[in-house]
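when you get a sec, could you give me coordinates for this:
(2 chains, ligands or ions: 2)
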Amino acid sequence: MVFKLAWKNIHGAGLRSIINVFIIALVMIGIIWMQGMYAGWMRMAERQSREWQNGDGRYTFRSYDKYDPFSWDKSNGKIPSELQSLVKNNEAVPILISQGSIYPDGRMISITVKGIPYNQKVLKLPTSELKDSKYNIPALIGMNMAKSSHLKLGDVLTMRWRDIHGAFNAADIEIVKIMDTPEMEVDNGQVWIDLARLQTMKDAEGKATLIVLKNSKDISFTSADWRFQSIDDLLIDLHNIMKVERAQALIMYAILLFLAMIAIFDTQVLAVFKRRKEIGTFAALGMTKREIIRMFTVEGMMYAMLASVASGILGLPLFIYYGTKGWKMPSSYESYGIAGLSDTIIFYYSPQMILSTIIIVILITTVVSWIPTLRIARLKPTDALRGRLS
Amino acid sequence: MPKIQIETKKMTKYYPTGEGLFAALKDVTLNFTEGEFAGIVGPSGSGKTTLLNVIGSLDTQSEGEVIVLGKEVSKLNAKESAALRSEHIGFIFQTYNLLPVYTVYENVEFPLLLLKMPDAERQKAVMDALDWVGLTDKAKSRPTQLSGGQSQRVAIARAMVKKPQIVLADEPTANLDTENSMNVLETMEKLNKELGTTYIFSTHDAKVIAFIRRKITLVDGRVDSDVIIG
Ligand SMILES: Nc1ncnc2c1ncn2[C@@H]1O[C@H](COP(=O)(O)OP(=O)(O)OP(=O)(O)O)[C@@H](O)[C@H]1O
Ligand SMILES: [Mg+2]
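Ligands and ions are numbered 1, 2, ... in the order given. As a prediction, the model looks like this:
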């Protein structure tokens, strides 16, 4: 009965109700859309990270720390025999990491040299180009690296590195491929050459720093030298970035919701004021104040429930468009080096996300509708019937 | 001996005002028995509405006793007094006070929904009540589509649909013309006779006074006279 009367009142209030429902629906659409974007971005960044860099987790040699280049020459070891067959079957890819420097146009640029087997199939890197045995060492770099170091296809330049005993060496590399990768960590400051060649150059035959796995599920190898890092461990930075992004988005949601709630609050304040005679009548007919308050609150709550339906209908084309066609970030974003922004984000809307958004909006709307009705508790029925507020 | 339904004993009602307490009712001692058709008359501000509100448990007295259907109304909690109104008392107001978003049918149905009456029984009761007031053909109309007389008859149906023991009507004809007033009064008199419901009016209206069988006159919050007519 309470719902029926609430529905009738909402229906009876006409345009104002439509505006309220519309405002809440827009806010819901906005929040779901933005959350869809973050979730889609996250999924894309994860996928890119798996495809280009981290596979499904990896073995890392002892204390390898990507932020401490001076430790790298100590952080490599023989590929364990247990993992050899995986490497052979393209189920895992060993990577050897070294410090180095290049000298384009006489400038010196510090780089990370990474050795990767030219015939690997685990990561998306176009390593097959590294096979050609020319006089120069074939090298693969990313587009950002090419841009920042002013390198182009076919450039030949000197590279210096140290072998694992500390002795300096130098040779010429030739840029044989410039790749377009969304994963900045395989691009910025990175020069990729064939693993076997780098092993020879560093006097580190059969050694690697990382062994990236295609599928970590059925692998149980453990060793003191090689620690396993799951994909979740490796994505921790990404997850932390996303946490910050989402926290910032939360402020945005709060502002949007706040605006919608002003409309609801205002409607309810006005309703209690304009309908005080009705409130007196309800009391005379035998309703308690508590029941009257509940009825007015349900009315506010119903705005949010109607808005949920409306946002489903109004938002669907938008959600579907961004959920299938996705959103291509303007290319200027690429220069920020934010994970994966050069790709098209396919929005992702999880049922939990949609449901929790709806529930939260309904809850908040209910509370906001309830507060103005507390005035009813202080209203004397006799005053209400006279059309007065006590 | 008809049963006493309402008793007030030395009842006084104060309202707080800027200059202290104002006594709207003073030492009012009255009894009402089952099936009465009584009118409370008196000049504006004499306390008629206040008396009806206290009897209807919408307000409480400041001093003295008010016993309605065996219960001291000032001792009822919010739920109990709501239940008393819901089950046993019908209200009729000068300004009709119909729920604007409901149809005529739904307005009349509302008190029965509060009583949680089963569907079939409820439908019949609503149609009966609309029949009493001659508005079955307006069941689907909205209050805004009715004349004043029709609105007040809907209000009577709403007050009567639950067959309460007492109906309190505060100036029910004040907004109506002569013809509609007569019609409304005849309807109430008929229901009073057929169902034995006690009716207590407040009024200034001579037309109403012609119908009532007991006339209580209030002056400045005191009972000035209480006479049985015919
Ligand atoms: N809430 C209130 N606060 C203060 N004084 C009030 C209040 N309600 C009523 N009064 C005063 O009590 C007195 C009686 O009022 P009441 O409404 O009962 O009169 P009435 O006989 O119904 O008058 P009318 O014929 O104009 O409807 C009046 O003087 C009125 O000003
Ligand atoms: Mg009055």
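
C-alpha from now on. contacts and neighbour counts both.
Will do.

tell me the phi and psi of the closest residue to ligand 1 within chain A?
Nearest residue of chain A to ligand 1 (Cα to the nearest ligand atom) works out as residue A:383 at 6.1 Å. Dihedral angles of residue A:383 (phi, psi; degrees, to the nearest 10) stand at phi -70, psi -40.

the helices in chain A, which residues?
Remark: helices assigned in chain A by DSSP state H are A:2-12, A:15-49, A:81-88, A:143-149, A:195-201, A:231-234, A:236-274, A:276-284, A:289-324, A:351-378, A:381-385.

start and end of stretch A:147-163, how far apart?
Stretch A:147-163 has an end-to-end distance of 28 Å (Cα to Cα, to the nearest Å).

low-confidence bits of chain B, can you list those?
Chain B contains residues with pLDDT under 70 at B:1, B:230.

dump the helices of chain A into CSV; add distance to residue B:58 as well.
As requested, these are exported to CSV (distance: least, Cα to Cα, whole Å):
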stretch, distance to residue B:58
helix A:2-12, 22
helix A:15-49, 32
helix A:81-88, 85
helix A:143-149, 79
helix A:195-201, 91
helix A:231-234, 66
helix A:236-274, 19
helix A:276-284, 7
helix A:289-324, 12
helix A:351-378, 14
helix A:381-385, 6
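
which one of these is the most hemmed in?
helix A:276-284 (a mean of 24; mean count of other Cα atoms under 10 Å in any protein chain shown).

that older thread, got JSON lines for the helices of chain A, with mean pLDDT too?
Compiled in JSON lines, the helices of chain A are given as follows (pLDDT from 0 to 100):
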{"stretch": "helix A:2-12", "mean pLDDT": "78"}
{"stretch": "helix A:15-49", "mean pLDDT": "92"}
{"stretch": "helix A:81-88", "mean pLDDT": "91"}
{"stretch": "helix A:143-149", "mean pLDDT": "92"}
{"stretch": "helix A:195-201", "mean pLDDT": "94"}
{"stretch": "helix A:231-234", "mean pLDDT": "91"}
{"stretch": "helix A:236-274", "mean pLDDT": "90"}
{"stretch": "helix A:276-284", "mean pLDDT": "94"}
{"stretch": "helix A:289-324", "mean pLDDT": "93"}
{"stretch": "helix A:351-378", "mean pLDDT": "94"}
{"stretch": "helix A:381-385", "mean pLDDT": "89"}
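
ok, now how distant is the residue nearest the centre of chain B from residue B:36?
For chain B, the residue nearest the mean C-alpha position is residue B:168 (1.3 Å; Cα atoms, centre = their mean). Distance, residue B:168 to residue B:36, by Cα to Cα: 11 Å.

now do the shared contacts for these two.
Counting by Cα atoms under 8 Å, 6 or more residues apart in numbering or on different chains, the shared contacts of residue B:168 and residue B:36 are B:199-200.

does residue B:72 touch residue B:64 like I think?
No - counting by Cα atoms under 8 Å, residue B:72 stays clear of residue B:64, with 10.3 Å between them.

ligand 1 contacts on chain B?
Counting by Cα under 6 Å from any ligand atom, chain B comes close to ligand 1 at B:15-17, B:24, B:43-50.

let's go with 5 Å and repeat that
Within reach of ligand 1 by Cα under 5 Å from any ligand atom, chain B has these residues: B:15, B:24, B:44-50.

circling back: my read is the residue nearest to the centre of chain B is in a helix, agree?
No - counting by DSSP: H, G, I helix; E, B strand; the rest coil, residue B:168 is not part of a helix but strand.

quick one: neighbours of residue B:116, just the number.
Close neighbours of residue B:116, defined as other Cα atoms under 10 Å in any protein chain shown, add up to 11.

host element of it?
Using DSSP states H and E, residue B:116 is not contained in any helix or strand.

show me what residue of chain A gets nearest to chain B.
residue A:286 (4.0 Å; Cα to the nearest Cα).

need the contact list for that residue.
Residues in contact with residue A:286 (Cα under 8 Å, 6+ apart) are B:81-87, B:111, B:114.

contact partners for the residue nearest to the centre of chain B?
Taking Cα under 8 Å, 6+ apart as the criterion, residue B:168 is in contact with B:52, B:56, B:89-92, B:199-201.

again, but for residue A:145
By Cα under 8 Å, 6+ apart, the residues touching residue A:145 are A:151, A:187-190.

what of residue A:221?
By Cα under 8 Å, 6+ apart, the neighbours of residue A:221 are A:82-83.

now with 10 Å, please.
By Cα atoms under 10 Å, 6 or more residues apart in numbering or on different chains, the residues touching residue A:221 are A:59, A:80, A:82-83, A:227-228.

now residue A:325, what are its backbone angles?
Torsion angles at residue A:325 (phi, psi; degrees, to the nearest 10) stand at phi -70, psi -30.

ugh, wrong one, residue A:286
Backbone torsions of residue A:286, given as degrees, to the nearest 10, read phi 110, psi 20.

confidence score at it?
pLDDT recorded at residue A:286 is 95.

what's the distance between it and residue B:111?
To residue B:111, residue A:286 is 8 Å away according to Cα to Cα.

return every residue with contacts to both of these two.
Shared contacts of residue A:286 and residue B:111, defined by Cα under 10 Å, 6+ apart, comprise B:85-87, B:90.

return the closest of those with respect to residue A:21.
Closest approach to residue A:21 among the shared contacts of residue A:286 and residue B:111 (Cα to Cα): residue B:86, at 33.9 Å.

show me which residues of the stretch 151-300 of chain A sit near ligand 1.
Counting by Cα under 5 Å from any ligand atom, the stretch 151-300 of chain A has no residue next to ligand 1.
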